[in-house]
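In: quick one: sequence and predicted model below, then my questions.
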Amino acid sequence: MKNDAPPADVQRVVAVIEEMGFQARPMPGRQRTTIGVVGNEGPVDASRLLGLPGVREVIPVTQPYKQVSREWKSESTVVRLAGGLAVGGDEVVVMAGPCSVESESQIIAAAQAVREAGATILRAGAFKPRSSPYSFQGLGKAGLKLLARAREESGLLIVTEAMDPESVNEVAEVADIIQIGARNMQNYSLLKKAGRVGKPVLLKRGMAATIQELLLSAEYILAEGNPDVILCERGIRGFDSATRNLFDVTAIPVVHATSHLPIIADPSHGTGHRDMVIPMARAAVAAGADGLLVEVHPTPDRALSDGAQSLYPEQFEKMMREIRHIADAIGRRIAEPAELGA
Ligand code: PEP
Ligand code: MN
């Protein structure tokens with residue numbers, strides 16, 4: 001719509017779109033309102049809309065995904081979380097903690113350590129998707145309870161994984177952000193359920209997924225009515241065994257160019273080795289990542305999962321110091337725990 005289009009013009013366009021048999025999604029922006037059209041199978045007859053008062057232009061979406069595209073919404077999405085924290089704005093949000101919740105003392109110690117170093121969100125899995133059925137599968141519901149305790153004790157927000165549609169509701173009771181893991185990126189019934197739960201979703205890139213497939217998976221969540229999706233680059237399968245995965249730092253500017261959704265980076269699963277995590281965390285912030293997801297364990301040598309890629313608390317502190325300088329150099333800031341609850 002034109003900058004000065006009055007609400008009556010917007011309503012008229014909405015009514016015409018509905019008359020044409022489609023649904024209209026008005027999105028008021030800082031400068032002007034955009035009205036998205038969904039439900040059309042092919043091209044929409046633009047001439048009918050162009051003749052209406054207040055209409056500035058009709059932009060066909062050329063991507064196979066729609067609502068996640070920049071063509072659909074040119075302003076970047078800012079996912080607002082509890083406590084005043086936001087992902088996708090000026091601040092870079094650091095989510096850190098162990099791969100898995102292992103015990104009360106472990107998760108509380110981890111929460112304290114990452115908060116002291118400056119993280120604002122605690123990560124840890126209660127339900128763990130493991131490549132082997134004989135590996136530690138997580139504490140399940142008991143793990144969720146421990147995460148709720150850690151949230152109370154530390155004031156940190158919680159990101160934790162839901163592995164199947166059945167557990168989404170119980171995970172959502174504790175989680176501030178529901179994580180969908182790489183192995184589940186194309187679990188469409190899980191994506192649909194996450195689209196209806198009313199909590200922000202962290203969607204990790206599948207280990208053999210293209211960026212377009214990642215965006216199509218995000219589209220499932222938005223299509224169910226949940227606009228609060230944060231994407232995550234966590235490395236893809238490469239042919240070189242020097243690293244666990246090939247950390248695709250270019251996914252960050254590619255996503256920013258093609259989608260309005262925020263994207264964070266996981267240099268832990270991206271590399272698989274703790275000594276490579278800090279350099280890749282720095283690279284991700286320099287590339288414009290809206291946040292980081294980093295594994296940190298109070299005693300990595302005793303971790304029940306992903307110990308080799310988990311940072312020692314002192315290393316995490318060093319990482320935080322370094323990325324503050326990098327954020328500053330590109331006109332951003334690292335979100336600090338002091339702002340939580342503000
Ligand atoms: C995790 O975050 O611990 C995890 C299982 O990650 P991914 O789904 O990226 O393998
Ligand atoms: Mn892990």
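Out: Structure's in. What do you need? Ligands and ions are numbered 1, 2, ... in the order given.
In: how about the residues of the protein by ligand 1?
Out: Taking CB under 6 Å from any ligand atom, the part of the chain that reaches ligand 1 is made up of 99, 125, 129, 181-183, 204, 234, 269. Placement of C-beta: from N, CA and C, glycine included.
In: which of those residues are close to ligand 2?
Out: Cys99 (CB under 5 Å from the ion).
In: among the residues of the chain next to ligand 1, which ones are in helices?
Out: Using DSSP state H to define helices, the subset of the residues of the chain next to ligand 1 located there is His269.
In: which of the residues of the chain next to ligand 1 has the weakest pLDDT?
Out: Lowest pLDDT of the residues of the chain next to ligand 1: Pro129, 95.
In: list the contacts of it.
Out: By CB atoms under 8 Å, 6 or more residues apart in numbering, the contact list for Pro129 reads 161, 163, 181, 183-184.
In: cool, and Ile326?
Out: The contact partners of Ile326, by CB under 8 Å, 6+ apart, come to 282, 285-286.
In: and it, what's its pLDDT?
Out: pLDDT, Ile326: 98.
In: so it, which state does it fall into?
Out: helix (DSSP: H, G, I helix; E, B strand; the rest coil).
In: check which helix or strand the most centrally placed residue in the chain maps to.
Out: The centroid of the chain falls nearest to Ile230 when counting by CA atoms, centre = their mean (2.1 Å). Using DSSP states H and E, Ile230 sits within strand 229-233.
In: does ligand 2 sit close to that strand?
Out: No. Using CB under 5 Å from the ion, we find that strand 229-233 stays clear of ligand 2, coming within 12.3 Å at best.
In: which residues sit against whatever helix or strand comes next after that strand?
Out: The helix or strand immediately downstream of strand 229-233 is helix 251-258, counting by DSSP H and E. Residues outside helix 251-258 that contact it (CB under 8 Å, 6+ apart): 63, 69-70, 76, 205, 211, 214-215, 231, 233, 261, 263, 265, 284, 287-289.
In: helix 251-258: what's the following helix or strand?
Out: Counting by DSSP H and E, what follows helix 251-258 is strand 263-265.
In: quick one: distance of that next one to the chain centre.
Out: 7 Å (CA atoms, centre = their mean, to the nearest Å).
In: show me where pLDDT drops low in the chain?
Out: 342 (pLDDT under 70).
In: quick one, domains of it?
Out: Following the assignment in automatic domain parsing, the chain carries domains at 7-50, 79-334.
In: quick one: closest of the ones you listed to Arg56.
Out: Counting by CB to CB, Arg56 lies closest to domain 7-50 out of these; the figure is 7.2 Å.
In: which residues does Leu292 bridge with?
Out: Beta bridges link Leu292 to Val94, Ala265, judged by DSSP bridges.
In: for ligand 1, give me its nearest residue in the stretch 101-250 of the chain.
Out: Of all residues in the stretch 101-250 of the chain, the one sitting closest to ligand 1 is Gly181 (2.9 Å; CB to the nearest ligand atom).
In: these two touch, right, that residue and Leu203?
Out: No. Assessed by CB atoms under 8 Å, Gly181 is found out of contact with Leu203, at 9.2 Å.
In: and the two? which has more neighbours close in?
Out: Leu203 (26 against 23; other CB atoms under 10 Å).
In: what's the closest non-adjacent residue to Leu231?
Out: With CB to CB, 6 or more residues apart in numbering as the criterion, Leu231 has its nearest non-adjacent residue at 4.3 Å, and that residue is Ile263.
In: and the helices in the chain?
Out: Here the chain has its helices, by DSSP H, at 7-19, 46-50, 104-117, 141-154, 168-174, 188-195, 211-223, 251-258, 267-271, 274-286, 313-329.
In: deepest of these, which one?
Out: Mean neighbours per residue, mean count of other CB atoms under 10 Å, is largest over these for helix 267-271, with a mean of 27.
In: for that helix, packing partners?
Out: helix 274-286, strand 291-295 (3 or more CB pairs under 8 Å, 6 or more residues apart in numbering; DSSP states H and E).
In: elements contacting the shortest one?
Out: Put plainly, it is strand 291-295. Here strand 291-295 touches strand 91-97, strand 121-123, strand 263-265, helix 267-271, helix 274-286, helix 313-329, going by 3+ CB pairs under 8 Å, 6+ apart.
In: off-centre distance for the fourth one?
Out: I take that to be helix 267-271. Distance, stretch centre to chain centre, for helix 267-271: 16 Å (CA atoms, centre = their mean).
In: also the second one?
Out: On the basis of CA atoms, centre = their mean, strand 121-123 sits 13 Å off its chain's mean C-alpha point.
In: same check, this time on stretch 228-241
Out: 12 Å.
In: give the buried residues for that stretch.
Out: Neighbour counts using 16 or more other CB atoms under 10 Å place 228-236 of stretch 228-241 among the buried residues.
In: tell me which parts of this structure are close to ligand 2?
Out: Counting by CB under 5 Å from the ion, the chain sits next to ligand 2 at 99, 306.
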